[in-house]
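Chemist: Model the structure of this input:
(one chain, ligands or ions: 1)
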Amino acid sequence: MLFAEDNGFLFSPSAVKNLYYTPCDKNYMFFEMAVSLWKNLLQTTKERILQQRRMSLYNGAHGYDEELLKKKLQQFAGGSINLSKEDNGIGILTLNNPKLMNAFTGTMMVELQERVTELENWKDGKGLIICGAGNTFCSGSDLNAVKAISNSQDGMNMCMFMQNTLTRLMRLPVISVALVQGKAVGGGAELTTACDFRLMTPGSEIRFVHKHMGLVPGWGGAARLVRIVGSGAALQLLSGAARVDPERALHLGLSEETLLSSDETRALEEAQAWLSQYTEGPASVIQAVKKVVTAGRELPVEAALRTEKDVFGTVWGGPANLQALVRRPKHK
Ligand SMILES: CC[C@H](C(=O)O)C(=O)SCCNC(=O)CCNC(=O)[C@H](O)C(C)(C)COP(=O)(O)OP(=O)(O)OC[C@H]1O[C@@H](n2cnc3c(N)ncnc32)[C@H](O)[C@@H]1OP(=O)(O)O
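Modeler: The predicted structure is shown next:
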């Protein structure tokens, strides 16, 4: 295993070892033991954290048969979910159904789950931008599909499928941004709340229209919205099916920033520049930062502290930490 310094200078465990110890040095044995202990701890901790993250919200115990539901969803074809994993560790996930304002068909719901699984296994992943094709975000479920699965059981199954998928998306060990251009409506508005941050372009809109459909959010959007803007503002946005423009979103804390351009290409460039200020550094460290924040956000304090200790153990004495000890950076 080699450790790449920011300027490309490579360190290996032996290089670090030889910086300090000689084979006859008794500390040499200590260092060897510390490295192998670290490797074992790293492996078991990563497996435990990965297992925790992958545990789905709903399973057979809830009468949820995922494989059966996926077969049903795949009857409603159209559009795609495209993922481009860039060399800088930022992924671009594009909702691609512009003819229907990027409404989610059944096959797009299944593809979203497949992309989330891909992202869970992306070792170099640090950030994720979710955007829509055709300079608009997403208009929720494809109403043609919704009509065909409007019976209660199918509706509940689709709801559990999307809640499982969006919860896993929310817990990805990358810093995620919803780039809201044009409209984010219904399930599209809910999808924005599964990201860590939202950036909006001038003239764009987030709108929870569910009330007008005789519904409430079903993809987890209400639970997440309350945690983002507070229960009072969430109640107003849901009961009023209010149009949230960039200014109101900033005021509510629903959006981090209003971008300068509403041009599709330039807005994506702005979003990448905004996100890259938080993804500088080794993927292992950025992923560890997201994991400890996710734990603090979702777990009771003692469980969050234990998870923080576990995650700390995966980076303490790790490549980036050892390099920093050699480099001794001044944090001026
Ligand atoms: C839990 C989630 C919840 C659920 O699953 O039940 C939902 O998400 S329900 C769906 C909620 N979404 C909507 O009700 C949005 C409906 N669409 C609109 O309000 C408008 O299309 C809007 C505001 C998004 C954009 O309006 P605009 O005038 O800019 O465009 P058009 O309306 O002309 O749309 C272009 C074209 O796309 C079709 N379209 C748009 N959204 C959907 C959709 N969700 N499902 C199916 N088709 C959609 C629209 O019908 C137009 O097609 P056309 O053939 O030209 O009529």
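Chemist: since we're on the residue in the stretch 101-250 of the chain positioned nearest to the ligand, how many residues are nearby?
Modeler: Closest residue of the stretch 101-250 of the chain to the ligand, Cβ to the nearest ligand atom: residue 140 (2.3 Å). No exception for glycine: its C-beta is placed from N, CA and C like everyone else's. Residue 140: 27 surrounding residues under other Cβ atoms under 10 Å.
Chemist: Now do it, the pLDDT please.
Modeler: Residue 140 carries a pLDDT value of 98.
Chemist: Surely it touches residue 187?
Modeler: Yes - using Cβ atoms under 8 Å, residue 140 is in contact with residue 187, at 3.6 Å.
Chemist: Touching both of these two, which residues are there?
Modeler: residue 104 (Cβ atoms under 8 Å, 6 or more residues apart in numbering).
Chemist: so where's the stretch 51-200 of the chain uncertain?
Modeler: Applying pLDDT under 70 to the stretch 51-200 of the chain flags the ranges 51-55.
Chemist: Within range of the ligand, give me the residues from it.
Modeler: By Cβ under 6 Å from any ligand atom, the residues of the stretch 51-200 of the chain that approach the ligand are 100-101, 103, 139-144, 146, 183, 185-187.
Chemist: switch the cut-off to 8 Å
Modeler: By Cβ under 8 Å from any ligand atom, the part of the stretch 51-200 of the chain that sits against the ligand consists of 99-101, 103-104, 136, 139-146, 155, 158-159, 162, 182-183, 185-188, 190.
Chemist: Drop anything exposed from these.
Modeler: Neighbour counting by 16 or more other Cβ atoms under 10 Å classes 100-101, 103-104, 136, 139-142, 145-146, 158-159, 162, 182-183, 185-188, 190 among these as buried.
Chemist: Disregarding residues adjacent in the polypeptide, which is nearest to the residue of the stretch 101-250 of the chain closest to the ligand?
Modeler: Leaving aside its sequence neighbours, residue 140 sits nearest to residue 186 (Cβ to Cβ, 6 or more residues apart in numbering; 2.7 Å).
Chemist: do the same with residue 81
Modeler: The spatially closest residue to residue 81, leaving aside those adjacent along the chain, is residue 111, at 4.0 Å (Cβ to Cβ, 6+ apart).
Chemist: Kindly export the host helix or strand of residue 307 (C-alpha atoms) in PDB.
Modeler: Following DSSP states H and E, one finds residue 307 within helix 301-315. These are the backbone C-alpha positions of helix 301-315, laid out as PDB (Å, rounded to 0.1, in the frame of the first residue of the first chain):
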ATOM      1  CA  VAL A 301     -25.700  10.500  21.500                       C
ATOM      2  CA  GLU A 302     -24.000   7.500  23.100                       C
ATOM      3  CA  ALA A 303     -24.400   5.400  19.900                       C
ATOM      4  CA  ALA A 304     -23.100   8.400  17.900                       C
ATOM      5  CA  LEU A 305     -20.100   8.600  20.200                       C
ATOM      6  CA  ARG A 306     -19.400   4.900  19.800                       C
ATOM      7  CA  THR A 307     -19.700   5.200  16.000                       C
ATOM      8  CA  GLU A 308     -17.400   8.200  16.100                       C
ATOM      9  CA  LYS A 309     -14.800   6.100  18.000                       C
ATOM     10  CA  ASP A 310     -15.100   3.300  15.400                       C
ATOM     11  CA  VAL A 311     -14.700   5.700  12.500                       C
ATOM     12  CA  PHE A 312     -11.800   7.500  14.300                       C
ATOM     13  CA  GLY A 313     -10.100   4.000  14.500                       C
ATOM     14  CA  THR A 314     -10.200   3.700  10.800                       C
ATOM     15  CA  VAL A 315      -8.200   6.900  10.200                       C
END
